[in-house]
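Asker: Fold the following, please.
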Amino acid sequence: MPLTVTLLSLCQALLVSGNILLIAVSPLIGAGLAPAPVWSTAPVATQWLGLMCATIPASLIMARLGRRRGFILGNLTGLGGVAVAAQALIGESFGLFMLGTWLIGIGIGFGQLYRFAAVEAAPLALRDRAIGLVMGGGVLAAFFGPWLARVSRELADTPFLGSFLGLGVLYLVALVILLLTRLPPPEATHGQGQPRPLGEIVRQPVFLLAVVSALIGYGVMNLAMTATPLAMAGAGFHFDHVATTIQWHVLAMFLPSFVTGHLTARFGPQRMIATGCLLLAACGLVAQVEAGVAGFHTALILLGLGWNFTFLPATGLLTETYRPAEKARTQATNEFLVFTTVALTALLAGPLVNLLGWSLLNALLVPPALLPIALLIWQRLARRGQRPHISG
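Answerer: Numbering: from 1, shown residues only. Next up is the predicted model:
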């Protein structure tokens with residue numbers, strides 16, 4: 001595997017470490033600064049809104065300037081967001097804090113393209129393994145992120161200010177790694193030629209399956225994950241329990257990445273996606289049985305596994321739907337659709353968990369989790385109906 005893929009994996013680990021820290025502290029900061037409890041997850045939503053706003057510009061910028069410059073630009077934007085969020089905590093400004101998380105989200109939006117950069121840097125035969133290795137960088141984050149959230153929480157007199165100082169250090173380290181990383185120029189990765197109309201690309205059954213699987217996997221996972229700190233705090237659990245639960249969840253999200261590529265190559269992306277959907281549904285069912293710490297742990301582990309088995313195979317499928325000249329627009333469309341859904345789920349997490357409670361919220365997530373399986377069945381039946389019949 002090329003060294004570039006390993007360096008991208010380290011950048012991914014730092015990015016996810018920061019994301020875990022934000023998952024653990026942002027809803028709690030929001031609950032303290034928001035004018036009403038229903039707005040407690042609004043800073044998480046603005047983070048995902050920033051990510052959504054970055055999806056199309058990030059792909060187009062990288063098509064013009066190259067991956068490396070694009071990643072550096074996104075990293076600098078994230079650092080700016082950290083500075084704004086820190087100032088908001090000092091001044092106890094809810095609006096300014098949401099602006100900070102929005103800018104951080106833009107930076108994360110650029111970083112979400114690490115997995116596509118890995119595909120470009122690896123030989124074709126190692127495509128799925130490269131995606132898995134980069135996403136597997138989150139395993140380090142599963143241990144480092146919650147630890148950083150715990151130790152940095154009270155480092156400053158202002159609550160959670162230390163957390164954002166730690167986040168800034170993560171982004172600075174990633175910036176140094178990016179400056180040392182050599183990535184192919186845009187003309188070598190995005191190609192020339194006449195691209196097909198976008199409508200023709202998105203009508204492909206494989207594109208539809210890839211987007212729906214990633215959208216459902218990420219949306220269901222994010223809604224349940226964002227609601228978890230609030231649900232656990234409402235149930236009286238200590239912050240350490242919240243951080244540990246998120247740690248197990250993130251470990252389940254990223255640890256399988258080292259074998260997901262092998263499993264996808266052996267069993268096919270469709271079977272992997274179906275398995276991921278069943279795991280997401282199992283999370284919702286576990287939440288009906290046990291509401292203690294063990295229940296939260298088990299549900300969030302299943303949730304992480306379900307995300308991995310839907311999102312990673314969907315990424316591989318997406319790379320089969322475009323030509324080099326169509327890469328930027330296709331990836332931008334996919335990222336916009338997926339992370340618009342994620343932003344909406346983050347915004348809805350606070351009101352829904354307050355209105356419905358943990359168990360009912362998870363029960364309502366079971367039917368959407370099974371939608372990609374329904375799409376798979378529909379596409380298979382459609383192909384069967386199009387086969388020519390041979391009369392005897």
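Asker: from here on, contacts and neighbour counts on C-alpha atoms
Answerer: OK.
Asker: For the stretch 101-250 of the chain, give me the ranges with low pLDDT.
Answerer: 124, 153-154, 187-193 (pLDDT under 70).
Asker: quick one: the strands in it?
Answerer: Assigned strands in the stretch 101-250 of the chain: none (criterion: DSSP state E, counting those that start in this stretch).
Asker: Can you verify my assumption that Pro195 contacts Ala328?
Answerer: No - counting by C-alpha atoms under 8 Å, Pro195 stays clear of Ala328, with 10.6 Å between them.
Asker: Compare the two and say which is more crowded by neighbours.
Answerer: Legend: neighbour count by other C-alpha atoms under 10 Å for Pro195 and Ala328, higher for Ala328 (22 against 14).
Asker: does that one belong to a helix or a strand, and which?
Answerer: helix 327-356 (DSSP states H and E).
Asker: Report the mean per-residue pLDDT for that helix.
Answerer: The pLDDT scores in helix 327-356 average 85.
Asker: Tell me the buried residues in it?
Answerer: Within helix 327-356, the residues scored as buried using 16 or more other C-alpha atoms under 10 Å are 327-354.
Asker: next structured bit after it?
Answerer: Following helix 327-356 toward the C-terminus (DSSP H and E): helix 358-369.
Asker: for the helix or strand that contains Ala374, packing partners?
Answerer: Under DSSP H and E, the secondary-structure element containing Ala374 is helix 371-386. Under the contact definition 3 or more C-alpha pairs under 8 Å, 6 or more residues apart in numbering; DSSP states H and E, helix 371-386 sits against helix 205-234, helix 269-286.
Asker: From the chain's centroid, how far away is that helix?
Answerer: With C-alpha atoms, centre = their mean, to the nearest Å as the basis, helix 371-386 stands 27 Å off its chain's centre.
Asker: any idea how far Pro324 is from the closest residue to Gly66 other than its chain neighbours?
Answerer: Nearest non-adjacent residue to Gly66, counting by C-alpha to C-alpha, 6 or more residues apart in numbering: Pro186, 4.7 Å away. Look at Pro186 and Pro324: by C-alpha to C-alpha, to the nearest Å, they are 10 Å apart.
Asker: Repeat that for Ala42.
Answerer: 38 Å.
Asker: quick one: which of these two has more around it?
Answerer: Set Ala42 next to Pro324 and count neighbours by other C-alpha under 10 Å: Ala42 wins out with 29 against 16.
Asker: who's in contact with that one?
Answerer: For Ala42, the contact set (C-alpha atoms under 8 Å, 6 or more residues apart in numbering) comprises Pro27, Gly30, Met98, Ala346, Leu347, Gly350.
Asker: Could you do Val5 as well?
Answerer: With C-alpha under 8 Å, 6+ apart, Val5 has these contacts: Ala118, Ala121, Ala122, Ala130, Leu133, Val134.
Asker: Is it inside a helix or a strand, and which specific one?
Answerer: According to DSSP H and E, Val5 maps onto helix 3-33.
Asker: by how many degrees do that helix and helix 205-234 diverge?
Answerer: Helix 3-33 runs at 40 degrees relative to helix 205-234, counting by axes from the mean of the first three to the mean of the last three C-alpha atoms, to 10 degrees.
Asker: ok, now how distant is the nearest residue to Ala363 once chain neighbours are set aside from Ile301?
Answerer: Nearest residue to Ala363 in three dimensions, chain neighbours excluded: Gly284, at 5.2 Å (C-alpha to C-alpha, 6+ apart). Computed as C-alpha to C-alpha, the Gly284 to Ile301 distance reads 12 Å.
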